[in-house]
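>>> what shape does this take:
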Amino acid sequence: MHNYHIRLRAVQEKYMRILVTGGAGFIGSHLCESLIQKQHDVFVLDDLSTGRFENIEHLKEITCVIDSTLNQDVVRDLVKEVDVVYHLAATVGVQLVVNQPIRTIVNNIRGTETILEETCRYRRRLLITSTSEVYGKGARAVFHEDDDRVIGATHLHRWCYAASKEIDEFLALAYWREKRHPVVLVRLFNTVGPRQTGRYGMVIPTFARQALLGEDLTVYGDGKQTRCFAAVQDVVPAMVKLMESESICGEVFNIGNNEAVSMEDLAQRIIERTGSSSSIRYVPYDQAYGPGYEDMRHREPCLNKIHAAIGYRPAVSLDEILDAVIADTRRRLHQDV
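Numbers count the residues shown, from 1 in each chain. Model (predicted):
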């Protein structure tokens, strides 16, 4: 890939210089906004494979480098210029993971390895985003950070994302244990909000778009599976607070919400909140993702550890999340007209 830089505005020295990989993505762009509001200098590294430049083009204070975390020279040049690093860059989204498992595995593992090598070289504090997917097919009603994990067979590509993020966690914690590299890991549980799209299988923006267009809402499986959705407005401040707590190193934290909802109830709530005439259409997993696809019936985080560490409590309700995503989706649809 050719390297080229987009300088959005001359950056002046502020409180801290911070690198955000994947900063043009959904969560990354909200993180950049939060950091700028705190008067930090923000650098973004993003190859725009799933992120979008429009997510950050309003942030005139940042420096954006369009390249990949696989480019070690670029990563080294950026890391040595900053004080701390947030590593969000990853291949995400069920549809993308199922269709492109090689890209998923290589980008997630090699990209994180590069970030760890360079942040360790320059002793930069690092936060890595992991995922609730690492809990795999665990049978617990509520997942704790130290739970055992069970994932599917290796011929089921659906599990390659979870496996790649597990390796990221093992490697990061090994860097802490062997080299005392200051790193913290967060497992995100279904973070949603404005700027998230349904392009790679994200369910709430997909449902919102279908409802606003009067299309059937496609619920996979029997619709009884439940998830807990966390607002990006809750998740980003928690990440920042963990990074600001320099005594926290070599630890893993769940970040999410405890308000569970089934997929069919979620679809019905979105239909009601949009005033749509849409119906719900149930689609078998095999038809949606191919033979052998497996899903977790329930996924809810235990939040005791992060509450004890930084006082985290999610404040945004599911209905507030839905209204925000619906409004954002409506705005995008009007722009497309």
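
>>> what's the following helix or strand after whatever helix or strand residue 209 lives in?
Using DSSP states H and E, the element containing residue 209 is helix 203-212. Toward the C-terminus, helix 203-212 is succeeded by strand 217-220 as the next helix or strand (DSSP H and E).

>>> just to revisit the earlier point, what's the helix holding residue 209 packed up against?
Contacts defined by 3 or more C-beta pairs under 8 Å, 6 or more residues apart in numbering; DSSP states H and E place helix 203-212 against strand 217-220, helix 263-274, helix 318-336. Glycine gets a C-beta too; all of them are placed from N, C-alpha and C.

>>> tell me the secondary structure at residue 65.
Under DSSP: H, G, I helix; E, B strand; the rest coil, the three-state class of residue 65 is strand.

>>> what segments of the stretch 51-200 of the chain are helices?
In the stretch 51-200 of the chain, the helices defined using DSSP state H, counting those that start in this stretch lie at 72-79, 94-99, 101-121, 160-179.

>>> closest to residue 187 out of the ones you listed?
helix 160-179 (8.4 Å; C-beta to C-beta).

>>> avg pLDDT for that closest one?
Helix 160-179 shows a mean pLDDT of 97 in the predicted model.

>>> tell me what that helix is packed against?
Helix 160-179 packs on helix 101-121, strand 125-131, strand 183-188, going by 3+ C-beta pairs under 8 Å, 6+ apart.

>>> low pLDDT regions in the stretch 101-250 of the chain?
200-201 (pLDDT under 70).

>>> run a quick neighbour tally on the closest residue in space to residue 318 that isn't next to it in sequence.
Spatial nearest neighbour of residue 318, excluding adjacent residues (C-beta to C-beta, 6 or more residues apart in numbering): residue 259 at 5.1 Å. Around residue 259 there are 16 other residues, counting by other C-beta atoms under 10 Å.

>>> change the start of the numbering to 756 and stick with it
Will do, 756 is the new start, and the previous item becomes residue 1014.
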